[in-house]
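J.: Need coordinates for the following:
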Amino acid sequence: MSGLMGLTWRLLRGGGRRGLLGAALTVIAVAVSTALLLFAVTANFAFQGRADREAWRNPVGATGKAVAIEAVHTDYVRDQTITVVDLAALEPGAPPPPGLARFPAPGEVWFSPGLAELAGRLPADQLAARFPAKVGGTVGDEALVHPGELVAVRGQRPDSRPMTGSDGRIAGTTAPAGAAVPPTKISDFTGEPTGTAAAYQALGLVASVLMVVPLLVFGGAAARLTVARRDQRLAALRLVGATPGQVVTMTVTEAVITAFGGAVLGTVLYGLSIPLITGIEIAGGTWFVSDAWPGVLPVLAALVAVPLLVGLSAVIGLRRVVVSPLGVARRETPPAMRFVRVVALLAILAVVPSLGVGAGAGMIAVVLGLAFLAVNLVGPWVVALIGRITARTARRPARLLAGRRLMDDPRAAWRTVSGVAMTGFVAGFIGFLSPDSGLFGAANATDLHLSVPSSQVAAATTEARERLSSAGILAGVDVRGDGRTRVLTASLQERDTETVDRARTALDGLVPGHAATSAADEERSNRLLGDIGTGTVTVLAVSFLVAIASAGITAASSILDRRQTYALLRLAGTPLEVLNRARRAETLIPLTVMGGGAIAIGVFCALPFAYSVMNLTGVITLLGCVVLGFAGVIGAGAASAPLLRSVTTDPAPRPD
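T.: Residues are numbered from 1 along each chain as shown. Presented below is the predicted three-dimensional model:
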């Protein structure tokens, strides 16, 4: 180990109990940032994995030699979706689809594990009778979107009705629920992502930005924890002859050592949390363990990038130590920040009205990221302004102390409240974008509809009545609509779930490639709106973890930075309660202003997208965020009160 690195390690170890506590705070902050950063990044890989596993069910028409015919439709049982894939080989030795050991022979059906279990548990006339075929095997996980997904793959002959389209389906028209993909000749099972999968990927990207940018800000701030202690020490080294290069090297070494330890700890914490992450239900199901693990390369990238980010933030904060070490040693107040910070925020917000529902996810993510960074940039400037106003209007010692501290070090005060302010931005943006669960009302679940070619209406109506009657189901059957495709409707007199599933089974195969569906099925098929609410809760949960961790860690770090000042004030006769009130005011005053401002900015950024779904749920979400944010910061301040009491008992300077 070189002399400089050895000295750095010696100073890091020899900083005393409170010096080691400061290093531990940095390790904890980096660990939290790394764990949540891995979660945010992995979400994109997870949605991409789902899209890839589902793509084979969205076939691309053959451009050369066709080897098979594929048709897909959706069925339902017990309010769950069943994906039914019909396959017919056009030549011997056709390659099997993903998840199957071989191509299904005509008359065979392959069940996913979830569907096999459900078919064995329910009475045959409610599910199993829809697949009167020999079970050929089990559909593997590589063909399933999520664990427990219900998928059936049936083997057919090329000239069978489900494969020829002779039932009247028209390729290229909008298919109703129960008729997803018409018979398509394919060269392979490559397929392409569905529109729904692409929508989830876009939302995942936006959610990642809403989580990653605050984490990057928090991770950068971790490098500035206990900054006053380190700056004083480095300034002393500069005054006794250390060169700027030596100071920078020592700073980077110390920051990278602590940050790497935090990054490793954060990776371990993320690995331990994978069982909890896989239980989050999105798009109808949970996740495979492989979805929640980003892979070796992303993990290694995080272990390298996070310490480098912390080291870079530490170097950026060294300007005063390198240029004016005497000013640091004498604790002179740094120059005021410039109004250009506010101009940068206003310039970014001016772009927001040009966005809209048609804007690409990438553009939205970029603008949101810039808005996040601009809020973080303008935060210290606003805190300094708040400090001047608070000091001028103070009528009590606590508020005067708070105002002077805000003026003296607005960056440190901003670090304490930045987590909650960023969470306010997230809540303001996505709160109004969470559709109310009752937005569309309760859909009819007992009137079953079936698309029928107009040429087959009479025969299909008669057969539907006979099938329902044979199954002992009382229902009225009529036909609605006109044109090439009509809708046969069976209105059930008994409206329990078991009867509905028996009716679905009785009508199965009446029109090959179509399933009897209800209006409630149509609503269940579009899970996207409901999943936005789940995503909102997940993003806010991550944001609150960041905010609370940030508030607690920076509050403790601030006490360590100013321990000598606090001790001397206490020695001069200042009551401990006055110091505590000053600390609370120093946090809550800027939090009220910046938290409210961040919420307003988030709402403003959401306006181009929220005009059609604003609802009471969003208002409740915002109010909940405000209450939890204030409670978290107050709780963090209260948790660090014993540390304040400890540092005020010994006013003597320490040798670190």
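J.: okay, and for the stretch 551-656 of the chain, where does confidence drop off?
T.: Judged against pLDDT under 70, the low-scoring parts of the stretch 551-656 of the chain cover residues 609-619, 621-622, 650-656.
J.: My error: substitute the stretch 101-250 of the chain in the last question.
T.: In the predicted model of the stretch 101-250 of the chain, residues 165-180, 217-248 satisfy pLDDT under 70.
J.: ranges for the helices of it?
T.: Secondary structure of the stretch 101-250 of the chain (DSSP state H, counting those that start in this stretch): helices located at 113-121, 161-164, 195-222, 227-239, 244-277.
J.: can those helices go into TSV with extra columns for mean neighbour count?
T.: Any C-beta I mention is one placed from the backbone N, CA and C, and that applies to glycine too. What follows is the helices of the stretch 101-250 of the chain, written out as TSV (neighbours: other Cβ atoms under 10 Å):
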stretch	mean neighbour count
helix 113-121	17
helix 161-164	20
helix 195-222	22
helix 227-239	20
helix 244-277	19
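J.: So for residue 43, which of the ones you listed sits nearest?
T.: helix 195-222 (5.1 Å; Cβ to Cβ).
J.: what angle do that closest one and helix 244-277 make?
T.: Orientation check (axes from the mean of the first three to the mean of the last three Cα atoms, to 10 degrees): helix 195-222 against helix 244-277 gives 140 degrees.
J.: Report all helices and strands that helix 195-222 contacts.
T.: Counting contacts by 3 or more Cβ pairs under 8 Å, 6 or more residues apart in numbering; DSSP states H and E, helix 195-222 is packed against helix 16-54, helix 296-316, helix 361-393, helix 410-431, helix 528-561.
J.: which one of those helices is the most hemmed in?
T.: helix 410-431 (a mean of 27; mean count of other Cβ atoms under 10 Å).
J.: Check the model's average confidence along that one for me.
T.: Helix 410-431 shows a mean pLDDT of 76.
J.: May I ask you to confirm that residue 261 is in contact with residue 27?
T.: Yes. Judged on Cβ atoms under 8 Å, residue 261 makes contact with residue 27 at a distance of 5.2 Å.
J.: close enough to count as contact, residue 299 and residue 38?
T.: Yes. At 7.1 Å, residue 299 and residue 38 qualify as touching, with contact defined as Cβ under 8 Å.
J.: between those two, what contacts are shared?
T.: Residues touching both residue 299 and residue 38 (Cβ atoms under 8 Å, 6 or more residues apart in numbering) are residue 267.
J.: Contact partners for residue 98?
T.: Residue 98 sits in contact with 53, 56, 140, 142-143, 189, where contact means Cβ under 8 Å, 6+ apart.
J.: let's see 6 Å
T.: If you count contacts by Cβ atoms under 6 Å, 6 or more residues apart in numbering, residue 98 has them with 56, 142-143.
J.: and the residues you listed, which are buried?
T.: 56, 143 (16 or more other Cβ atoms under 10 Å).
J.: Keep only those of the contacts of residue 98 that are in strands.
T.: Counting by DSSP state E, those place none of their members in strands.
J.: any idea which of the contacts of residue 98 is closest to residue 595?
T.: residue 142 (46.1 Å).
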